[in-house]
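Q: what follows is a protein structure lacking sequence information:
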C-alpha cells in the first residue's frame, strides 16, 4: 500500500540550530513530493514541492529538501531555525496516474526554544 | 490566505445527526479534495471531485458523501454521526485533476465536534 513515513513525532530545537526532518515513502513509480507546514491554529501551507529536475529543491522561508530516489526519501532541511518556525510539518506524496490526491505522513511537530 | 474558503469554521452536533460542510475553491481551480485530520489517523484523503465529477475516493465512510456543483463549490455531507467523526475537515483545491503540476491549496478547515 502507498504510505509515507515521518520518523520524528516531536523535535525540540534551540534557535539557530540546524533542522533535518525525515520523510520516506513506499515505492510507487513516479512520484510528486511536497512538504506542507501548519502553524498553530492555521491551515496547511505549501513549503516546497518536487516534480522533476534538480533533486535539491528550495522553498519558502529558507527551507530546502532533497529527493533521493534510491532511498525513497525527501528530507526537509533548514540551516538555522527561528522561534517562528514552531509548527507541524507534513510530508506528502502524490503517486501519479489519473488521481491527484496526496498521501500524508503523520506529521512532525517542531518546537523551537527562543 | 490560500483563496480556498470553508464554512462553517466550527460545528458542534450530537451523535446520529447529519451535517454539511461547504468549500469554495480558488478561482480557476477545477479540482476539490476533502481530507480529514484526526489525532489518531493524521491527515487522510477522503474524496476528490474534478469539474463536477468524482475523480478519486480514499478512506471515506459510506455514511459520508460529497458533491461538486456547477459553480465548482463542493459540499461534504456527514450523516449518522459518531463520536469518532470528531475531527478537522480540510478542503483543498488545485487547477488540475491529475498528477503532475498538482499543487493543492488548503482551506482553513471546519472543526467538527460530535457530542
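A: Received it, and whenever you're ready, just let me know what you need. Just so it is clear, the model here is predicted, and its values are computed rather than measured.
Q: for chain B, which residue is closest to the average position?
A: Residue closest to the mean C-alpha point of chain B, counted by CA atoms, centre = their mean, is residue B:34 at 2.9 Å.
Q: list phi and psi for that one.
A: Dihedral pair for residue B:34: phi -120, psi 130, per degrees, to the nearest 10.
Q: and it, what does it touch?
A: By CB atoms under 8 Å, 6 or more residues apart in numbering or on different chains, the contact set of residue B:34 is B:23, B:45-48, B:60, B:66, B:74, B:76, B:89-91. Glycine gets a C-beta too; all of them are placed from N, C-alpha and C.
Q: report the beta-bridge partners for it.
A: Beta-bridge pairing of residue B:34 under DSSP bridges involves residue B:47, residue B:91.
Q: out of the contacts of residue B:34, which comes closest to chain A?
A: residue B:45 (4.4 Å; CB to the nearest CB).
Q: can you name the residues that contact the closest one?
A: Taking CB under 8 Å, 6+ apart as the criterion, residue B:45 is in contact with A:101-104, B:33-35, B:56, B:58-59.
Q: try it again at 7 Å.
A: Going by CB atoms under 7 Å, 6 or more residues apart in numbering or on different chains, residue B:45 touches A:101-103, B:33, B:35, B:58-59.
Q: can you check the pLDDT for the residue nearest to the centre of chain B?
A: On pLDDT, residue B:34 comes in at 96.
Q: repeat that for residue B:93.
A: Looking at residue B:93, its pLDDT is 93.
Q: swap in residue A:95?
A: 82.
Q: ok, now the one 4 residues further on?
A: In this prediction, residue A:99 carries a pLDDT score of 64.
Q: please apply the same query to the one 10 residues further on.
A: The predicted structure scores residue A:109 at 96 on the pLDDT scale.
Q: where does the prediction get shaky in the chain?
A: Using chain A here. Counting by pLDDT under 70, chain A contains low-confidence ranges at A:97-99.
Q: to clarify, I was referring to chain B.
A: Across chain B (using pLDDT under 70), the flagged ranges come out as B:97-102.
Q: how many residues are close by residue B:92?
A: 28 (other CB atoms under 10 Å in any protein chain shown).
Q: OK, contacts around it?
A: Listed by CB under 7 Å, 6+ apart, the contact set of residue B:92 reads B:4, B:33, B:35, B:104-107.
Q: among these, which ones lie close to chain A?
A: B:33, B:104, B:106-107 (CB under 7 Å from any CB of the partner chain).
Q: filter the residues you listed down to just the ones in strands.
A: B:33, B:106 (DSSP state E).
Q: where do the strands of chain B begin and end?
A: Using DSSP E, the strands of chain B run over residues B:5-7, B:10-13, B:19-24, B:31-38, B:42-50, B:53-57, B:64-68, B:74-78, B:87-94, B:105-106, B:110-114.
Q: thinking again about what came up before, got a PyMOL select line for the buried ones in the ones next to chain A among the contacts of residue B:92?
A: Buried subset of the ones next to chain A among the contacts of residue B:92, written as a PyMOL selection, criterion 16 or more other CB atoms under 10 Å in any protein chain shown:
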select buried, chain B and resi 33+104+106+107
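Q: from the ones next to chain A among the contacts of residue B:92, pick the one nearest chain A.
A: Each of the ones next to chain A among the contacts of residue B:92 was scored against chain A by CB to the nearest CB, and residue B:106 proved nearest at 4.1 Å.
Q: test my guess that the closest one contacts residue B:90.
A: Yes - counting by CB atoms under 7 Å, residue B:90 is a contact partner of residue B:106 at 5.4 Å.
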